[in-house]
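> Got a predicted structure here, sequence first:
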Amino acid sequence: MTEAPHAAPTAPIPSSAFSPLRQTVFAVLWAATILGNIGTFMRDVASAWLVTDLSGSPSAVAMIQVAGTLPIFLLAIPAGVLSDIVDRRKLLIGVQILLGLISASLLALALTNRLTVEILVGLTFLGGVGAALMGPTWQSIVPELVPRSDLRNAIALNSLGFNIARSIGPALGGVLLVTFGAAATYGADVLSYVLVIAALVWWRRPAGADDELREHFGGAFRAGLRYARASRELHRVLLRATLFFICASAIWALLPLVARRLLEGGAGFYGLLLGAVGTGAIIGAIVLPRFRAHIGVDRIMLGATLVTAAVTAALAAAPPQWLAVILLLILGGAWIAALTTFNGTIQAILPNWVRGRGLAIYLTVFNGASAAGSLLWGLIAEAIGLQGALVAAALALVVVAFAALRLPLPEGESDLTPSSHWPEPAIAEPVEHDRGPVTITIEYRIARENRAAFLAAIARVAPERRRDGAFAWGVSEDAASPERIVEWFMVESWAEHLRQHKRVSKADADLQAEVRRFHAGPEAPIVTHLLGLSPQREGRKTGAADHES
């Protein structure tokens, strides 16, 4: 499972923190995803603990974490694209059925005592595939399910529901595991999938209107990668997230061994520790807005990273069990602060047209860093011991906390709503959507004394052109008339250029207006659309026409 979606728009209602729950569809799906997440956490507790029974190797325990997160690293971006081109409700139902079958397989193998480390890792990997397909899809249906005025509150409730499940699921899973065994724990997870599937079947998602510019998988995939490659703000967030999650993954990868070896606890105590993390996250989600109102996101990240380092180091000292529970409660608050800061920043810098793919790229980095970090800290624990690995991770987090201050997170205050200020392109006859490549030229007249300022302004436009779909961009001058300067950019097809018209944001429009103010011509800059020609194809057309005549 993943964090919950949110409900069908109805008439505007005064907004409050819980106003999205007034939407029936949202309330049902939100409750269903809480139950589904509780089941998933119970399953994960059972699998992680069974591995410690089957093998005491830190690497084997860490492999469970790797198996769960690696598929999301590998498949999040294709899943983000897929969620934009298929019926999301049907995709979610299919994925829930897949995950239910995985848990049913674990149930059958537990009943027959046939579970091995290899089987647990393999089925956990398949579960990660399902999570990879589902994550971007759940988030993509958010605008369909709540009025725009309730969107932020719905996202907050989404996180709250996830952490309610985090606080209940592990503890309940530990109790079931100790009292009734692994089979009962897996059976409860199967039941949770039945409930989620029933809620999705009940939801009657309105059929979307056909869009003649709907992207196909290959083109949408390339467009998402082009955007990510050109967005420097996105690069900054992804780098910060990578450094943090690689170091912070140590505590999650090694926590089962910490609970068993250092703290001398059983399965129930391990579930209690994870429940404390969820409870701490709920408390953190409630109080964090008050801190955010007084300090910036970078100081929140500094505090969250240092607290995570302190808890990791304290666990290495093998504290009493009651103190360990308190430490994990504090860790939950720090963890939710980091997650919501990164996620909120990503949401703020992504325009709607690429939001799913941008979030998928973030999920790829998050889970890739977590998987790589889990494997790394498992190997380090093999080499220098469990306590040594925890101390090393704590020191690495301290270094990352202060080094990251030199790479501040973007503010995300630009207006990214579509400006729709580009006029329709002038064409002599209809153009096939797959015709391309297309070269767009914009001719300016720039006085010599304004040349340097113009070039500085237009350089800021280049990343925007590339983010919105251009695979090449440049500026050229006329050798015979240096005051005639031409900006040009290329897109792969006519359809992709038409999509550019819909993607240009109000912030982009402001940049373009800054460039146009240097234009000294009597009329607006001249825009030309040049369509690629294939001599062989045109020759065949001409030959066929001559033959017919």
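Looks like it arrived, so ask away. Numbering: from 1, shown residues only.
> so where does the residue nearest the centre of the chain fall, helix or strand?
By Cα atoms, centre = their mean, the chain has its centre lying nearest to L359, at 2.9 Å. L359 belongs to helix 355-384 when assigned by DSSP states H and E.
> Now do the buried residues in the helix or strand following that helix.
Per DSSP H and E, the first helix or strand lying C-terminal to helix 355-384 is helix 386-403. Under the neighbour-count criterion of 16 or more other Cβ atoms under 10 Å, helix 386-403 has 386-387, 389-394, 396-398, 400-401 buried. C-beta coordinates here come from the backbone N, C-alpha and C atoms, glycine included.
> Look at T312 and report its pLDDT.
You'll see T312 listed with a pLDDT of 95.
> Model confidence score at the residue lying closest to it once chain neighbours are set aside, please.
Spatial nearest neighbour of T312, excluding adjacent residues (Cβ to Cβ, 6 or more residues apart in numbering): A394 at 4.3 Å. pLDDT, A394: 96.
> ok, back up a step: the residue nearest to the centre of the chain contacts G80, doesn't it?
Yes - L359 lies in contact with G80 (Cβ atoms under 8 Å); the separation is 6.6 Å.
> How many neighbouring residues does L225 have?
L225 is flanked by 14 other residues according to other Cβ atoms under 10 Å.
> and what of P320?
When neighbours are counted by other Cβ under 10 Å, P320 comes out with 9.
> Return the backbone torsion pair for it.
phi -60, psi 160 (degrees, to the nearest 10).
> ditto for A317
Phi and psi for A317, reported as degrees, to the nearest 10, are phi -80, psi 10.
> So it versus G36, what's the distance?
37 Å (Cβ to Cβ, to the nearest Å).
> ok, the two, which is more surrounded?
G36 (28 against 11).
> SS state for that one?
With DSSP: H, G, I helix; E, B strand; the rest coil as the basis, G36 sits in helix.
> what's the angle between the strand or helix carrying S83 and helix 355-384?
Using DSSP H and E, S83 falls within helix 58-85. Helix 58-85 runs at 170 degrees relative to helix 355-384, counting by axes from the mean of the first three to the mean of the last three Cα atoms, to 10 degrees.
> Return the set of buried residues in helix 58-85.
Within helix 58-85, the residues scored as buried using 16+ other Cβ under 10 Å are 58, 60-84.
> That helix - what's its average pLDDT?
77.
> ok, and for the first helix or strand past that helix going along the chain, which residues are buried?
Following helix 58-85 in sequence order, the next helix or strand is helix 88-111 (DSSP H and E). Neighbour counts over helix 88-111 (16+ other Cβ under 10 Å) mark 88-89, 91-96, 98-100, 102-103, 105-107, 109-110 as buried.
> swap in stretch 185-193?
185-190, 192-193.
> Stretch 463-477 too?
So, applying 16+ other Cβ under 10 Å, buried residues of stretch 463-477: 463-471, 473, 475.
> before we move on, the earlier item: export the buried residues of stretch 185-193 to CSV and append columns for pLDDT and distance to L255.
What follows is the buried residues of stretch 185-193, written out as CSV (pLDDT from 0 to 100; distance: Cβ to Cβ, whole Å):
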residue, pLDDT, distance to L255
T185, 91, 18
Y186, 92, 21
G187, 92, 25
A188, 92, 22
D189, 91, 20
V190, 92, 25
S192, 92, 23
Y193, 92, 25
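> how about CSV for those residues, with distance to N367 and secondary structure added?
Putting the buried residues of stretch 185-193 into CSV (distance: Cβ to Cβ, whole Å; DSSP: H, G, I helix; E, B strand; the rest coil) gives the following:
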residue, distance to N367, secondary structure
T185, 24, helix
Y186, 23, helix
G187, 28, helix
A188, 25, helix
D189, 21, helix
V190, 25, helix
S192, 22, helix
Y193, 21, helix
